[in-house]
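Visitor: after the sequence you'll find the predicted model.
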Amino acid sequence: MRFWLASREENAQIGGQLRVPSCQIGTGSIREIRRPTRDTGYLDLAGTRENPFRGKITDLKATALTNLHSHGATTVRPLLVGVLSLLCATSPAAFAADAPVKPNIIFILADDLGWTDLGCQGSKYYKTPNIDKLASVGLRFTHGYTCGPNCQPTRAALMTGQYGPRTGIYTVGGIERFDWKSRPLRPVENVQKLPLDRSTVGDVMKSAGYATGMFGKWHLGQDDASHPSKRGFDQAIVSMGKHFNFVTQPKLEYPKGTYLADFLTDKAVDFIKRNKEKPFFLYLPHFGVHSPFEAKPDLVAKFKEQPTAGGHNDPTYAAMIASVDESVGRLLATLDELKLAENTIVIFSSDNGGVGGYVREGLKKSGDITDNAPLRSGKGSLYEGGVRVPWIVRWPGKVPVGITDTPIISVDLLPTLIELGGTKAPANQTLDGVSMVECFTSGGKKAPTRDLFWHFPGYLGAGQGTWRTTPAGAIRSGNWKLIEFFEDGKKELYDLRADESQKTSLAEKNPDKVAELHAKLVAWRKAISAPMPTPNKK
């Protein structure tokens, strides 16, 4: 709430004449006197964005500047400017007590960014100074997971807090995308649009009083009814498929040669600036670093001069990562500029593992764009390289700086934001994730006790006659991970603490553990009504 000061001509001098470090008025305080416009000047009271003071302005007295001077004003001219006389009919205090302040929330999602594709995650070739800085002042999860091994199922899980069997979204596209007819099983039909009866993160945060914005890859339906502007986002611009000469929904013009990551960041920065006076939720799902592999020429040239490191050796891909990193840096700089950083939670993650690890897996002879080593395989697989991704959280003064091995997964986002926003879960929508707020604020020490599940009843090809995955399911319970392949019932068991690279299955040596975890997996599938692939009747 802004309390306006009398006299346009006199107020025009206030911005250059008055300095008030602190001035108590009831239970509120004058935070600053901002430079006025040509016609007006105003007092901006602390805490007013989230908790407007409930007193009433009754008159303007000529004693304001004397009182302000006594509270630390360094230079005051004898202007005929009013003081606020605030009355409260039922309380001796001039203002109501402060209410809890809702934090702003920014969720940045990279596309196809692998677990080791960041400097803070171990890359010696890719340069990500802004994301690395975010991690250095935040909490970095080394066991962050996605619900799907590819784009669409993870995005559905993030938006709804539900595993794939509840939304019907398991993969990208229809089952005819790959030649399942040459295989023993018929995949489960895949839902290609997020069901309209599901509440999204946008819906929930909007109902909690947040301004909501989404800019980037939606991938949950391209028709008008599925557009994020109809799914809880006040402002939404969708684009994917190209990094240059891209098309947006709604259609917008932009200068020739504009890079998509820069365009989306421009829109995100503008959203923050326009909503700085109220709580906001910004969802920025970049299309980078998904194929086609296109990058700004100056960045590509830069990385051509850099020494490569292992499976990280492609300058175009490195430049694409650099553009996502630049985006993060611009958002953080905007928060600093607007003095919003202290009350803004920034979360960074990816939608699935990197597009690499296939040569090591024997699925192709060459051509990996990146490598998720030491993790096994990559995007499209239920091995760790396909579903383990970066998760970084920053909330100054609330989330301790550090690194945690506590698992976190896509379905946890919505329950977490519900708690942060001080709102309720959507009615008639089961949430499979848990709130991670206590985990965040304890630096990972207070971790939820639960198992993580994956269900992929389809095929993802890797080339002629090779497959990133065949129909499968998985469970992570403690340090153990069991993968069940549905074609032949084969089960693989790994101790992820001792064998992060999943080189040696312990299934034969630990039949009791296999039986225990498989029973949990079967029980979960039954509880969630997960459909299974059926025999292929050739």
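Guide: Okay, I see it.

Visitor: so which helix or strand takes in the most centrally placed residue in the chain?
Guide: Of all residues in the chain, the one closest to the mean position by Cα atoms, centre = their mean is residue 107, 2.7 Å from it. If you go by DSSP states H and E, residue 107 is part of strand 104-110.

Visitor: residues of the next helix or strand along the chain from that strand that come out buried?
Guide: On the C-terminal side of strand 104-110, the closest following helix or strand by DSSP H and E is helix 129-136. Within helix 129-136, the residues scored as buried using 16 or more other Cβ atoms under 10 Å are 130-135. Placement of C-beta: from N, CA and C, glycine included.

Visitor: contacts for the helix or strand that helix 129-136 is followed by, please.
Guide: Next along the chain after helix 129-136, taking DSSP H and E as the criterion, comes strand 139-145. For strand 139-145, contacts defined as Cβ atoms under 8 Å, 6 or more residues apart in numbering pick out 120, 349, 387-394, 399-410, 440, 443-444, 452, 476, 496.

Visitor: of those, grab the buried ones for PyMOL.
Guide: In PyMOL, this line selects whichever of the contacts of strand 139-145 come out buried by 16+ other Cβ under 10 Å:
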select buried, resi 120+349+387+388+389+390+391+392+393+394+399+404+406+407+408+409+410+440+444+452+476+496
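
Visitor: just the ones of the contacts of strand 139-145 in helices?
Guide: 387, 440 (DSSP state H).

Visitor: mind checking which of the contacts of strand 139-145 are in strands?
Guide: Those of the contacts of strand 139-145 mapping onto strands are 349, 388-394, 402-404, 408-409, 452, 476, per DSSP state E.

Visitor: what about stretch 460-479, distance to the chain center?
Guide: With Cα atoms, centre = their mean, to the nearest Å as the basis, stretch 460-479 stands 25 Å off its chain's centre.

Visitor: er, stretch 132-143 I mean
Guide: The answer for stretch 132-143 is 14 Å, by Cα atoms, centre = their mean.

Visitor: what is the end-to-end distance of it?
Guide: 17 Å (Cα to Cα, to the nearest Å).

Visitor: can you start the count at 487 instead of 1 from here on
Guide: Happy to do that; since the first residue is 487 now, the last one works out to stretch 618-629.

Visitor: average pLDDT across that stretch?
Guide: Here stretch 618-629 scores 98 as its mean pLDDT.

Visitor: what residue ranges in the protein score low on pLDDT?
Guide: 487-586 (pLDDT under 70).

Visitor: the longest helix in it is where?
Guide: Using DSSP H, we find that the single longest helix of the chain is helix 801-823.

Visitor: let's see that one as PDB, backbone CA atoms only.
Guide: What follows is helix 801-823, C-alpha atoms only, in PDB (Å, rounded to 0.1, in the frame of the first residue of the first chain):
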ATOM      1  CA  PRO A 801      31.300 -27.500 -29.200                       C
ATOM      2  CA  THR A 802      27.800 -26.900 -30.500                       C
ATOM      3  CA  TYR A 803      26.300 -28.900 -27.600                       C
ATOM      4  CA  ALA A 804      28.600 -27.000 -25.200                       C
ATOM      5  CA  ALA A 805      27.400 -23.700 -26.600                       C
ATOM      6  CA  MET A 806      23.800 -24.700 -26.100                       C
ATOM      7  CA  ILE A 807      24.500 -25.500 -22.500                       C
ATOM      8  CA  ALA A 808      26.200 -22.100 -22.200                       C
ATOM      9  CA  SER A 809      23.000 -20.400 -23.500                       C
ATOM     10  CA  VAL A 810      20.900 -22.100 -20.800                       C
ATOM     11  CA  ASP A 811      23.500 -21.000 -18.200                       C
ATOM     12  CA  GLU A 812      23.400 -17.400 -19.500                       C
ATOM     13  CA  SER A 813      19.600 -17.500 -19.000                       C
ATOM     14  CA  VAL A 814      20.000 -18.600 -15.400                       C
ATOM     15  CA  GLY A 815      22.500 -15.800 -14.800                       C
ATOM     16  CA  ARG A 816      20.200 -13.200 -16.200                       C
ATOM     17  CA  LEU A 817      17.300 -14.300 -14.000                       C
ATOM     18  CA  LEU A 818      19.500 -14.200 -10.900                       C
ATOM     19  CA  ALA A 819      20.800 -10.800 -11.900                       C
ATOM     20  CA  THR A 820      17.200  -9.600 -12.300                       C
ATOM     21  CA  LEU A 821      16.400 -10.800  -8.800                       C
ATOM     22  CA  ASP A 822      19.400  -9.000  -7.400                       C
ATOM     23  CA  GLU A 823      18.600  -5.800  -9.300                       C
END
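
Visitor: buried ones in that helix, by neighbour count?
Guide: 801-818, 820-821.

Visitor: which strands and helices lie in contact with it?
Guide: When contacts are defined as 3 or more Cβ pairs under 8 Å, 6 or more residues apart in numbering; DSSP states H and E, helix 801-823 packs onto strand 590-596, helix 615-622, helix 746-760, helix 783-790, strand 830-836.

Visitor: now do the following helix or strand past the longest one: distance to the chain's middle.
Guide: Put plainly, it is helix 746-760. Next along the chain after helix 746-760, taking DSSP H and E as the criterion, comes strand 766-771. A distance of 7 Å separates the centroid of the chain from that of strand 766-771, by Cα atoms, centre = their mean.

Visitor: helices or strands up against strand 766-771?
Guide: The contact analysis (3+ Cβ pairs under 8 Å, 6+ apart) places strand 766-771 against strand 590-596, helix 687-693, strand 697-702, helix 746-760.

Visitor: list the buried residues for the last one?
Guide: Within helix 746-760, the residues that qualify as buried by neighbour count (16+ other Cβ under 10 Å) are 746-747, 749-751, 753-755, 757-758.

Visitor: quick one: strands adjacent to the strand holding residue 593?
Guide: strand 766-771 (parallel), strand 830-836 (parallel) (DSSP bridges).

Visitor: among these, which comes closest to residue 996?
Guide: Closest to residue 996 of the strands paired with strand 590-596, according to Cβ to Cβ: strand 830-836, at 31.4 Å.

Visitor: how far off helix 615-622 does that closest one point, in degrees?
Guide: 110 degrees (axes from the mean of the first three to the mean of the last three Cα atoms, to 10 degrees).

Visitor: what sits up against strand 830-836?
Guide: The contact list for strand 830-836 (Cβ under 8 Å, 6+ apart) reads 589-600, 617, 620, 624, 630, 632, 814, 817-818, 821, 875-881, 884-885, 899, 906.

Visitor: need the strands paired with strand 590-596 in CSV (columns: distance to residue 914).
Guide: What follows is the strands paired with strand 590-596, written out as CSV (distance: least, Cβ to Cβ, whole Å):
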stretch, distance to residue 914
strand 766-771, 22
strand 830-836, 27
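
Visitor: so residue 955 touches residue 868, yeah?
Guide: Yes: with contacts counted by Cβ atoms under 8 Å, residue 955 reaches residue 868, the gap being 6.0 Å.
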